[in-house]
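>>> Mind folding the following:
(2 chains)
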Number of protein chains: 2
Amino acid sequence: MMFVEKPDLEVCLSPALLHLYNTQNTIVVIIDIFRATSTITTALHNGATSVIPIASVKDCIELGNTIPNSITAGERDGKIVEGLMMGNSPFEYSENVIQNKTLILTTTNGTRLLHMVQNPYQIVIGSFLNLSIVCNYLISQNKKVILGCASWKDKFNLEDTLFAGAVVNNLRSHFNINCDSARAARHLYLSTGGAHFLEFLKDSSHYKRLSGFGLLKDLEYCTTPDLHPVLPVLIGNEIKLLHYS
Amino acid sequence: MMFVEKPDLEVCLSPALLHLYNTQNTIVVIIDIFRATSTITTALHNGATSVIPIASVKDCIELGNTIPNSITAGERDGKIVEGLMMGNSPFEYSENVIQNKTLILTTTNGTRLLHMVQNPYQIVIGSFLNLSIVCNYLISQNKKVILGCASWKDKFNLEDTLFAGAVVNNLRSHFNINCDSARAARHLYLSTGGAHFLEFLKDSSHYKRLSGFGLLKDLEYCTTPDLHPVLPVLIGNEIKLLHYS
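Alright, predicted model coming up:
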């Protein structure tokens, strides 16, 4: 009988802890549930050609001027930014708005984390909207995986960790898990009973922040599993759909 | 009716996140369950005059040469260090060994975090061994509190977070909690049913590391609530008992 070693699965709870992890030869899943990775998943499922993640508002605007058929978008502190064409709500990116367009996106946490990852094998965009396809893909690749929570300005947040816990729970028999963050994330997921995510998150900082801006429907949308079964990955400096079934 | 604002309660999950928190005018509880804060609590309860936390092994040995009636002790990577007189197991510090002695202690995580805290109101040593008295004291002071997990080389760990969750659960009606780390810690605590902590921690990195060194009885001891109802606080560069009832 051949002994096959399972690949490692780890969870990084904040960009400020990323330096503790070796991301080489690793698939890194970027998680920013409210709302960058949910919005990226939505835009690509609704026909965007690609999403270009950008660190600064200034660079976002400049790039928008050079790419035909593009939309500049983003947020700072959860709010729309002056000078950008659109915001960071997934509801803005319906098919008739985004089809065949390039979305140039800058956000407080998610796009920042994505740029921090050093030399990975691949970067995948994860959200509840594409939970199952991300899990199935990770299982199929037999590679080391790190789930990277974008958090809120480096502070731990519940919603990204809850999603990480859902993935850990799904992947646990296929991976070697010796990571307390992964264990804690899974405990969080299990304490929801595997459903009613928004109910669980009502007592979270981000829920209070965004619902205060009147974005309750965004929060509901971003916690709905498998609405958009697509697999966005970073190729060069663009996020595009990987066709995988 | 007078409106009295409750003080804030936050949890910092790793020393690498400490810079995100304002520790001014705050009581900071240092938590290093396996084993520094458990050992400090034990040594003081068993009659040590004081505990001096020290960052480096070299400084620990040098200070030991200048303080009469002192014991140098500590660990690196969970193991005893050459040149120090004793290790980091609470079982080494029985009354007949430690009474009227000064313990000079250097550890991988706990003593390091303690030295990182900037300008707090007070530093308190927390462990399951003195859980209730720490909670009662914090409630009585009506000051902002940060629970600081020493973690393992900056990586999140389950045991420190579980203890933080026990404190959050106890303090929640007396404090304003708008901190996702505190919420997650409490969820972890609740998922143990408020007991059987060691059972819960069997699937943790530190349990595996220390039980591999044959230290199972240390782990059992360090997860036993209220064995040593004393309140160690930092005064100058020494940890001493605060007499509080």
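>>> how about the residues of chain A that lie near chain B?
With CB under 8 Å from any CB of the partner chain as the criterion, chain A comes near chain B at residues A:13-14, A:16-17, A:20, A:152-158, A:161, A:178-181, A:183-184, A:187-188, A:190-191, A:203-206, A:208. For every residue, glycine as well, the C-beta is placed using N, CA and C.
>>> which of the residues you listed are buried?
Neighbour counting with 16 or more other CB atoms under 10 Å in any protein chain shown marks A:13-14, A:16-17, A:20, A:152, A:154-158, A:161, A:179-181, A:183-184, A:187-188, A:191, A:204-206 as buried within the residues of chain A next to chain B.
>>> Let's see which of these end up in helices.
Mapping these onto helices (DSSP state H) picks out A:L158, A:T161, A:D180, A:S181, A:R183, A:A184, A:H187, A:L188, A:S191, A:S205, A:H206.
>>> low pLDDT regions in chain A?
A:1-3, A:245 (pLDDT under 70).
>>> got the phi/psi numbers for the nearest residue to A:K79 once chain neighbours are set aside?
Distance criterion CB to CB, 6 or more residues apart in numbering or on different chains; nearest residue to A:K79, sequence neighbours excluded, is A:F213 at 6.9 Å. Backbone geometry at A:F213, expressed as degrees, to the nearest 10, gives phi -90, psi 10.
>>> So A:F213 is in contact with A:G78, correct?
Yes. Counting by CB atoms under 8 Å, A:F213 touches A:G78, with 6.1 Å between them.
>>> measure A:L201 to B:G83 for me?
Between A:L201 and B:G83 the computed distance is 50 Å (CB to CB, to the nearest Å).
>>> swap in A:G214?
Counting by CB to CB, the gap from A:G214 to B:G83 is 62 Å.
>>> Ok, A:S70 next?
Computed as CB to CB, the A:S70 to B:G83 distance reads 63 Å.
>>> which one of those two has more residues nearby?
A:S70 (20 against 12; other CB atoms under 10 Å in any protein chain shown).
>>> A:K217 contacts A:F91, correct?
Yes. With contact defined as CB under 8 Å, A:K217 counts as touching A:F91 (6.9 Å).
>>> Against chain B, how distant is the closest residue to A:L231 other than its chain neighbours?
Closest residue in space to A:L231, ignoring its immediate chain neighbours: A:L242 at 4.6 Å, by CB to CB, 6+ apart. Distance, A:L242 to chain B, using CB to the nearest CB, to the nearest Å: 30 Å.
>>> just to revisit the earlier point, looking only at neighbour counts, state which of A:F213 and A:G78 leads.
Remark: of A:F213 and A:G78, A:G78 carries more neighbours, 18 against 14, as counted by other CB under 10 Å.
>>> who touches the more buried one in this structure?
Residues in contact with A:G78 (CB atoms under 8 Å, 6 or more residues apart in numbering or on different chains) are A:N88, A:T108, A:R209, A:L210, A:F213, A:L215.
>>> Would you agree A:Q141 is in contact with A:I27?
Yes. Here A:Q141 lies in contact with A:I27, judged by CB under 8 Å, at a distance of 6.2 Å.
>>> Mind checking which of these two has more residues around it?
A:I27 (22 against 15).
>>> so that one sits in a strand?
Yes. Assessed by DSSP: H, G, I helix; E, B strand; the rest coil, A:I27 belongs to a strand.
>>> now the strands for chain A?
Using DSSP state E, the strands of chain A run over A:9-12, A:26-31, A:50-53, A:70-76, A:79-80, A:102-106, A:122-126, A:144-149, A:232-235, A:238-241.
>>> Remind me what the first one packs against, helices and strands.
For strand A:9-12, the contact count by 3 or more CB pairs under 8 Å, 6 or more residues apart in numbering or on different chains; DSSP states H and E identifies strand A:144-149, helix A:158-171, helix A:180-191 as packing neighbours.
>>> Mind listing residues that contact the shortest one?
This points to strand A:144-149. By CB under 8 Å, 6+ apart, strand A:144-149 touches A:7-15, A:18, A:21, A:23, A:25-32, A:113, A:117, A:121, A:126, A:138, A:156-157, A:160-161, A:164, A:167-168, A:171, A:175, A:182, A:185.
>>> Could you turn the buried ones of those residues into a PyMOL selection?
Here is the PyMOL command that picks out the buried ones among the contacts of strand A:144-149, judged by 16+ other CB under 10 Å:
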select buried, chain A and resi 7+8+9+10+11+12+13+14+15+18+21+23+26+27+28+29+30+31+32+113+117+126+138+156+157+160+161+164+167+168+171+175+182+185
